[in-house]
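Undergrad: fold the following for me, if possible:
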Amino acid sequence: MIHVEHLTKRFGSQVSVDDVSFTCTPGTVTGFLGPNGAGKTTTMRVLCGLSRATSGSASVDGRAYADIPNPGRVVGVLLDAGATHPGRRGREVLTLAARTMGAPSSRVDEMLELVKLTGRPERLRTRQYSLGMRQRLGLAAALLGDPQVLVLDEPANGLDPEGIAWMRGLLRGFADRGGTVLLSSHLLHEVEALADQLVVIGGGRIVASGSKDELLASTSGGLTVTSLDDAALAATLQAGGVSVTPSGDGLVVDAAPETVGRAALAARVVLTGLAPAGGAGLEELFFTMTAGTELGSAQTPGPATAPSKETSR
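TA: Next up, the predicted model:
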């Protein structure tokens, strides 16, 4: 589990992260979203012990990163795929990391196979790697210690569509086995396809957080629902005080997905479709929630102090 509580990080007089709190639970993928300079990378660096909080805390399984005796066996981290020694070969990078954390040497072979870097790629020096290959190697290193938590900053950078689909399956499987994933990405459609929870940050402050379905429903003005018996479903929802409007081949419902699911169960109706009304999805949520918080914007979110520019963002 990841727990960030009232985290604030200042660089001199500038506030980069302002009273940020959120939790990532086991079995879920949390999408961490925000425009450039919003505070995402700073938050993740504090979580991973690379920067010290001005106030507040960030912990993994109840402990600060610096207090974990062998952190690579607890939390896998990928913040910068280019942070490997350019003269080392791919296999060498993983072998040294395995020795450092006391992981069995067999894990090196397993991870190279997992990220599809076996054969010639594992023998290349990392200076010869494409960005996509560096991302794969970084994911292998993050998973090497068989951790239960992953913290990943833009892991899809440089991956082609096939590679992005592969990564999506990898992370979804990790979470489905009980792992916890905190994922920062600018690829909104991929986050929408993968994430269970969303944390949206703008100007150093959390501007939205919660389950993906509930946040998308609240932004789009409801859900579009189709079923095998729309009339019966509508009657059950309306009996529970839910606003229902016929629309095309389905219904527009002003309710959370859980409410619709429970109504369908009570009415013994099979749902065939459930999506944010209007289909705008995560992109609309992102731009709605972060408007005016980009670097160089004349606006700031509420009373927050204007954030500093993050050097790695």
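Undergrad: okay, now the unreliable bits of the chain?
TA: Scanning the chain for pLDDT under 70 picks out 217-221, 277-281, 292-313.
Undergrad: so where do the helices sit in it?
TA: Here the chain has its helices, by DSSP state H, at 40-47, 90-101, 106-114, 120-123, 131-143, 161-176, 188-194, 212-220, 230-239, 257-267, 281-290.
Undergrad: a markdown table for these, including mean neighbour count and distance to A58?
TA: Every residue, glycine included, has its C-beta placed from N, CA and C. Shown next, in a markdown table, are the helices of the chain (neighbours: other Cβ atoms under 10 Å; distance: least, Cβ to Cβ, whole Å):
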| stretch | mean neighbour count | distance to A58 |
| --- | --- | --- |
| helix 40-47 | 26 | 4 |
| helix 90-101 | 19 | 21 |
| helix 106-114 | 17 | 27 |
| helix 120-123 | 15 | 34 |
| helix 131-143 | 22 | 18 |
| helix 161-176 | 16 | 20 |
| helix 188-194 | 18 | 21 |
| helix 212-220 | 20 | 22 |
| helix 230-239 | 18 | 41 |
| helix 257-267 | 17 | 30 |
| helix 281-290 | 18 | 22 |
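Undergrad: can I get those in JSON lines with distance to G31?
TA: Below are those laid out as JSON lines (distance: least, Cβ to Cβ, whole Å):
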{"stretch": "helix 40-47", "distance to G31": "11"}
{"stretch": "helix 90-101", "distance to G31": "27"}
{"stretch": "helix 106-114", "distance to G31": "23"}
{"stretch": "helix 120-123", "distance to G31": "29"}
{"stretch": "helix 131-143", "distance to G31": "17"}
{"stretch": "helix 161-176", "distance to G31": "11"}
{"stretch": "helix 188-194", "distance to G31": "4"}
{"stretch": "helix 212-220", "distance to G31": "7"}
{"stretch": "helix 230-239", "distance to G31": "29"}
{"stretch": "helix 257-267", "distance to G31": "17"}
{"stretch": "helix 281-290", "distance to G31": "8"}
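Undergrad: what about the residue lying closest to D18 once chain neighbours are set aside, how many residues nearby?
TA: The shortest distance from D18 to any non-neighbouring residue, by Cβ to Cβ, 6 or more residues apart in numbering, is to G204 (4.1 Å). Neighbours of G204 under the rule other Cβ atoms under 10 Å: 32.
Undergrad: repeat that for the one 4 residues further on.
TA: With neighbours defined by other Cβ under 10 Å, the count for A208 comes to 18.
Undergrad: and it, how far from L188?
TA: Using Cβ to Cβ, to the nearest Å, A208 is found at 14 Å from L188.
Undergrad: same check on V242?
TA: For V242, the distance to L188 (Cβ to Cβ) stands at 29 Å.
Undergrad: now do the same contact list for D19.
TA: D19 is in contact with H6, L7, T8, G56, R205, counting by Cβ atoms under 8 Å, 6 or more residues apart in numbering.
Undergrad: only whichever of the residues you listed are buried, select them in ChimeraX.
TA: Buried residues among those (16 or more other Cβ atoms under 10 Å), as a ChimeraX selection:
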select :7,8,56,205
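Undergrad: that concludes my questions; thank you for your assistance.
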